[in-house]
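Chemist: turn this into a model:
(4 chains)
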2 protein chains.
Amino acid sequence: MTDMTELIDTKDNRPYHHGDLYRAIVEAALEVLSESQSTEFSLRELARRAGVSHNAPYKHFADKRDLLAAVSAVGFELLAMRMAEATKELDGPRARLAAMARAYVGGGINNPALYRLMFGGYLGGEDDGRPIIERTAAHNMKALIVDAITCGALGRPISNTRMIDGAILVFWSQMHGLTLLLVDRLVGPSDKLEDMTENVLQGMLDGLVSSIPAVPEGVWVGPPLAG
Amino acid sequence: MTDMTELIDTKDNRPYHHGDLYRAIVEAALEVLSESQSTEFSLRELARRAGVSHNAPYKHFADKRDLLAAVSAVGFELLAMRMAEATKELDGPRARLAAMARAYVGGGINNPALYRLMFGGYLGGEDDGRPIIERTAAHNMKALIVDAITCGALGRPISNTRMIDGAILVFWSQMHGLTLLLVDRLVGPSDKLEDMTENVLQGMLDGLVSSIPAVPEGVWVGPPLAG
DNA sequence: CCTCAAAGTTGCTTATGTCAACATTTTGCG
DNA sequence: CGCAAAATGTTGACATAAGCAACTTTGAGG
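Modeler: Numbers count the residues shown, from 1 in each chain, chains lettered A, B, ... in the order given. Prediction:
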């Protein structure tokens, strides 16, 4: 269990009535989410767990969507930490990439509901322009992948951004897809996760080493930054 | 727009009070789903649209989850049709696989909420053993991919089931991941979908042609059949 | 015809999201 | 220090939803 205490973005730290409701609510949400594996919990339930009245959370979150966005952001931070942790002691860029892949897939399996929430459209809100926070969180995560690739995970250092994006696109979709198929039990069993990841990764990296498909003009890879 | 009239699995066809509420409700759900791009509509809303009382749907669906499972099943059928349609006139197995990939990704982009619903855990219900229907629907879809691969999409016919599953695992996760990254706008823009699909597909197929990673012992690929 | 089960209806209970008005605490500032 | 304003939290209310129960209508089959 990674310690997530530092992660939650408390707007301020002055101990008030409750002390730190914002954090308490987000933590409760993470709890309920991983217990029930569903986002269909109620704000009131979270309030109850935090020992406050049913309307207190509204002083910190505009609505449920807003709360879920915050949870999603924490999820991205956790995943990024997992990936950073997994690669910390590793030198070879390829080994690092492989470790990241394992961490990525493992993180998803570990808490499917959180993973689905993170990638489930709560950060796409171009429509109502609400959540910006988790975009940057997702972006941080991407940076880790970029790093491994530029440093030569594909046999040589890469600097052409089109190619970097191309490689990331392949790597990321592959891992993302594998994770979700595992999460949704369309492939499995998930205790063979390591083998499967290794397998898929191996093939993909071989393919990338022989030819990196540069991304077409105008394509972006990674969450679009605010604006 | 594909005609989906035939797809919906009406339990029986006797025209009763309403005539065919089951179908009407599922159709309403598909409508609302693609309009609102959210599964957070109410059964009552569907009942309203179908012109029946708020409780009528419960004669056809045990609960909301059950209804969503049925919708999900239709989604799989639609996707399978799209894929079949896209490959109908094509001979070369590789061209067929590419066309299927385009259809798969395109189908997701076309109705993100439906796609998320399909792959969003409503068919994993080992926990409560509810939905079986959509598993087989998903399975039918897989068959199309198997076909293309066994027929030589990777340069030669493949018959080793471990290798077939390995190839499908790679192909499927890659397409699935790409689709969801596009759907969630983590990569884009989605009007460059064709280019990106082609790109990713190209690299992946090249990789597969040179070496097909056989799946490890005990791994399954595709929805586990009932039981 | 007449009975019965399927299909649909009305009404109730409990729970939720969210708004509004009110109470309390903290902070910032003269 | 002292107080006004902002930040937090509370109570109450409203509209709406899920789902259960009891009742009514309708079509099918003996």
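
Chemist: the residue nearest the centre of chain A and residue A:221: what is the separation?
Modeler: Computing the C-alpha centroid of chain A and ranking residues by Cα atoms, centre = their mean puts residue A:76 first, at 3.4 Å. As judged by Cβ to Cβ, to the nearest Å, residue A:76 and residue A:221 stand 16 Å apart. Bear in mind the C-beta positions are built from the backbone N, C-alpha and C, glycine included.

Chemist: near chain B at all, the lowest-mean-pLDDT helix or strand in chain A?
Modeler: The weakest-scoring helix or strand in chain A, judged by mean pLDDT, DSSP states H and E, is helix A:133-150 (a mean of 75). Yes. On the criterion Cβ under 8 Å from any Cβ of the partner chain, helix A:133-150 is in touch with chain B at residue A:138.

Chemist: quick one: mean pLDDT over the one helix or strand residue A:169 maps to.
Modeler: Taking DSSP states H and E as the definition, residue A:169 sits inside helix A:161-183. Over the span of helix A:161-183, the pLDDT mean works out to 92.

Chemist: buried sites along that helix?
Modeler: If you call a residue buried by 16 or more other Cβ atoms under 10 Å in any protein chain shown, then helix A:161-183 has these buried ones: A:162-183.

Chemist: backbone dihedrals for the residue nearest to the centre of chain A, both of them.
Modeler: phi -60, psi -40 (degrees, to the nearest 10).

Chemist: parallel or antiparallel, which strands does whichever helix or strand comes after the helix holding residue A:169 pair with?
Modeler: Toward the C-terminus, helix A:161-183 is succeeded by strand A:187-188 as the next helix or strand (DSSP H and E). Note on strand A:187-188: by DSSP bridges, its sheet partners are strand B:220-221 (antiparallel).

Chemist: can you pull the contacts of residue A:101?
Modeler: A:171, A:175, A:197, A:201 (Cβ atoms under 8 Å, 6 or more residues apart in numbering or on different chains).

Chemist: against residue B:173, how distant is the nearest residue to residue A:183 once chain neighbours are set aside?
Modeler: With Cβ to Cβ, 6 or more residues apart in numbering or on different chains as the criterion, residue A:183 has its nearest non-adjacent residue at 4.3 Å, and that residue is residue A:112. Residue A:112 sits 16 Å away from residue B:173, going by Cβ to Cβ.

Chemist: same question, residue A:113
Modeler: Counting by Cβ to Cβ, the gap from residue A:113 to residue B:173 is 20 Å.

Chemist: how about residue A:67?
Modeler: Taking Cβ to Cβ, one finds residue A:67 at 31 Å from residue B:173.

Chemist: do residue A:66 as well
Modeler: 32 Å.

Chemist: do residue A:76 as well
Modeler: 21 Å.

Chemist: which residues does residue A:71 contact?
Modeler: Residue A:71 is in contact with A:26, A:29, A:30, A:33, A:114, A:117, counting by Cβ under 8 Å, 6+ apart.

Chemist: residues of the host helix or strand of it that come out buried?
Modeler: Secondary structure assigned from DSSP H and E places residue A:71 in helix A:64-87. Within helix A:64-87, the residues scored as buried using 16+ other Cβ under 10 Å are A:64, A:66-83, A:86-87.

Chemist: do it and DNA strand C meet at all?
Modeler: Yes. Contact of helix A:64-87 with DNA strand C (Cβ under 7 Å from any atom of the strand) involves A:64, A:65.

Chemist: between that helix and helix A:133-150, how many degrees?
Modeler: 20 degrees (axes from the mean of the first three to the mean of the last three Cα atoms, to 10 degrees).

Chemist: what distance separates whatever helix or strand comes next after helix A:64-87 from the centre of its chain?
Modeler: Downstream of helix A:64-87, the first helix or strand assigned by DSSP H and E is helix A:93-110. Computed by Cα atoms, centre = their mean, to the nearest Å, the chain-centroid distance of helix A:93-110 equals 12 Å.

Chemist: quick one: residues in contact with the helix or strand following helix A:93-110.
Modeler: Next helix or strand after helix A:93-110 toward the C-terminus (DSSP H and E): helix A:112-118. Helix A:112-118 has contacts (Cβ under 8 Å, 6+ apart) with A:30, A:33-34, A:36-39, A:68, A:71-72, A:75-76, A:79, A:107-108, A:134, A:138, A:179-180, A:183-184, B:120-121.

Chemist: so for helix A:112-118, mean pLDDT?
Modeler: For helix A:112-118, mean pLDDT rounds to 93.

Chemist: so residue A:53 sits in a helix?
Modeler: No. Counting by DSSP: H, G, I helix; E, B strand; the rest coil, residue A:53 is not found in a helix; it is coil.

Chemist: the closest residue in space to it that isn't next to it in sequence and residue A:207, how far apart?
Modeler: Of all residues not flanking residue A:53 in the chain, residue A:47 sits nearest, at 6.4 Å (Cβ to Cβ, 6+ apart). Distance of residue A:47 to residue A:207, computed by Cβ to Cβ: 50 Å.

Chemist: equivalent analysis for residue A:138, please.
Modeler: In terms of Cβ to Cβ, residue A:138 sits 25 Å off from residue A:207.

Chemist: can you get me a residue count around residue A:202?
Modeler: Neighbour count for residue A:202, taken as other Cβ atoms under 10 Å in any protein chain shown: 14.

Chemist: now do the helix or strand encompassing it: distance to the chain's middle.
Modeler: Per DSSP H and E: residue A:202 is located in helix A:193-210. In terms of Cα atoms, centre = their mean, the gap separating the centre of helix A:193-210 from the centre of its chain is 21 Å.

Chemist: cool, stretch A:143-151 as well?
Modeler: On the basis of Cα atoms, centre = their mean, stretch A:143-151 sits 16 Å off its chain's mean C-alpha point.
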